[in-house]
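A.B. asks: Pasted the sequence and its predicted model underneath.
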Amino acid sequence: MENTNVKDKIIKNMDTVVDNAVIINRRYLDDEQLIHSEQLEVLEEIFNANVRDYEIREISSHFAPILRNDHPMHLALWGKTGTGKTLTICYFLKLFSDICKKRKIPVWIEHLDLSTPRPCFRALNDLACLLNVSRKYKRGVSLEEIMLKIESALAEYYGHFILFIDEVDNVRTDKDNFLAFLIRRLPQAVPSKVILVFASNRINWADNLDPRIKSFLKMNELIFKPYDAVDLQHILKIRVKKALHPKSITPGVIEKIAAMSCYEHGDARRAVVLLSSSAHIAEKNGSRITTETVDHAAQEIERDKYVDMIRTAPVQLQAVMAAVVLCIRKMHKATVDTYSVYDVYKNFCSKASVRCLAIRAFRDLINELDIYTFIRARVISKGRYGRTREIVMDLPSELADKIYNTILLNFQMKK
DNA sequence: TGTCCACAGGAAATACGGGGGT
DNA sequence: ACCCCCGTATTTCCTGTGGACA
C-alpha cells in the first residue's frame, strides 16, 4: 500500500518535471561540455548572423597575401575576455586551412594556449610538444636545447607556419626571451614563413617589452570591441534554440539578458552563463523563464562571485573575513570596531593554526575587504574618545553564513 | 577655543620566497 | 647545491587628525 504510494509519488513528480522541462539539451548551455564539432556548429551560426563581421573581414584581408604566396606581417588581437578573440581566429584559421588545402598552398597552423600563466621555459616546452619534438615538461633541459628542437621541427618545412599564441601576457618570467626567440631568431633560423598571431586582453601588453624586440616586431593590430546588445541577442538566440524548450521562454528574456550583459561587461560567455542559470532556476521551480527569473539568476551569480572570491583569496584575508562574520554574530550589533574584530581574529588564528598578523597588517586586510565590498569600513571620530573604523557588513546574512562556511571548509582541508 | 583621545595610515626597516646564475 | 638579487609581505615606528568635552 505505502509502497505504491511512494512509487506513484515518484512517478508523478518525475512526470511533472518532464512536462515542465525547460532544458532540452543541457550541453548547449555549457561550452565545456560541447564536443569540438558542436562548438564549430554554434560558431558557424554566430558568424552567419554577421556577428564579428568586421573583425573576420580584417583578419581575412590580413592573411590574404598567403594566397599569393606572399608573407604577411604578424597579427595582434586585443580585447577584453569573452569578446571572442580566440573563437574568431580559430574559426577563421580552420576555414583558411581548408581554402589553402584546396589551392595546394602549404600552411601549418598551431594553437599555443597559454591561458594559465607559465614561465618562458614551459611555454617553449609546450610549443615543442605541439610540434611533436618533445615530451611534456622535460626537466633539466636547457632553454637552448628546446629552441633547437623547435627549429629542427621546422627545418624542412618551406611553407607558411602560422602560430596562434593565446593570452601572450601569461608568459611570466623572461617574456623577452620567449618573444625574442619567436620574433627574431626563429624566422631567421628556419626556411618556413613564420606568422605569429598574438591574443591578449591587455592592450598595453607590448609596452614593457625590450625595445630591441619591439622595434623588430612588425605587426597589424586588431581590436575586438565588447559585444553590443544586438550581437549578444544573436548569440543567445542560437543557444536558446539549441538548448531550451521553445515554449519555456517568455518574450523579452533574451533582450533582457543581452541588455544586462552588454551594460555590465559585453562578455558573451558570461551572458550564456546567465541564460543557463536562469534556465536552471526556472526548471527547478517548474515555471517558464521570465524576466524575474533572470533577476534571480543574476543575484545568484553575484552571490557565487563573492563565495568564489573568498575561496580563492589568500589565507589571511579569509581569516579576517571569518573574524568579521564571527565578531558581528557575537556582538549582536550591526557595527563593530577594528580592535574587537582583531581579538576575534587572534582567537580564530590560534584555532585554525594560522599565523597571526600584527595589527597594522590586519588593518590593511580590513581595507582590502572593503575594496572588494565584503564589508564597509569607514573611519569615524568619537571626539575625546579617539577614532575608530566602523565595520559593517551589508551582505544578506544567508550569504554571510555561506561565506563563513566556505572559509571553514578551506581551513579544514589544510589540516 | 584648546586639549587630547585612540586609533588611522604613511614611511622605513626587515623578513621572506622564488628564480636565475654559477 | 649554493648564493645573490629582487619583488613582495609584514613589522616597526611614528606622525596626523576629527571632534567631544571642559
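C.D. replies: Everything's here; your move. Numbering: from 1, shown residues only, chains lettered A, B, ... in the order given.
A.B. asks: And the residue of chain A that's closest to DNA strand C?
C.D. replies: When distances are taken as C-beta to the nearest atom of the strand, chain A approaches DNA strand C most closely through A:Gly383, which lies 1.7 Å from it. Using the backbone N, CA and C atoms, a C-beta is placed for each residue, glycine as well.
A.B. asks: And the longest helix anywhere in chain A, what's buried?
C.D. replies: In chain A, with assignment by DSSP state H, the single longest helix is helix A:291-312. Residues of helix A:291-312 classed as buried by neighbour count (16 or more other C-beta atoms under 10 Å): A:293-294, A:297-298, A:301, A:303, A:306, A:310.
A.B. asks: burial of the nearest residue to A:Ala229 once chain neighbours are set aside, as a residue count?
C.D. replies: Computed as C-beta to C-beta, 6 or more residues apart in numbering, the closest residue to A:Ala229 that is not its neighbour in sequence is A:Cys262, at 4.2 Å. When neighbours are defined as other C-beta atoms under 10 Å, A:Cys262 has 19 of them.
A.B. asks: cool, A:Lys94 as well?
C.D. replies: Applying other C-beta under 10 Å, we find 12 residues neighbouring A:Lys94.
A.B. asks: now do A:Glu156
C.D. replies: Residue crowding around A:Glu156 was assessed by other C-beta under 10 Å; the count is 9.
A.B. asks: so is it in a helix, a strand, or just coil?
C.D. replies: When the structure is split into helix, strand and coil by DSSP: H, G, I helix; E, B strand; the rest coil, A:Glu156 lands in coil.
A.B. asks: Check what pLDDT it gets.
C.D. replies: The predicted local distance difference test score for A:Glu156 is 85.
A.B. asks: Give me the phi and psi angles of it.
C.D. replies: When read as degrees, to the nearest 10, the backbone of A:Glu156 gives phi -100, psi 10.
A.B. asks: ditto for the one 3 residues further on
C.D. replies: For A:Gly159, the backbone dihedrals (degrees, to the nearest 10) come out as phi -90, psi -160.
A.B. asks: Name all residues that make contact with it.
C.D. replies: Listed by C-beta atoms under 8 Å, 6 or more residues apart in numbering, the contact partners of A:Gly159 are A:105-108, A:192-193.
A.B. asks: Let me see the ranges of the strands in chain A.
C.D. replies: In chain A, strands defined by DSSP state E lie at A:74-78, A:107-113, A:160-166, A:193-200, A:219-223, A:335-337, A:376-381, A:387-392, listed in chain order.
A.B. asks: Just the angle for the longest one relative to strand A:160-166, thanks.
C.D. replies: This points to strand A:193-200. Regarding strand A:193-200 and strand A:160-166, their directions subtend 10 degrees when assessed with axes from the mean of the first three to the mean of the last three C-alpha atoms, to 10 degrees.
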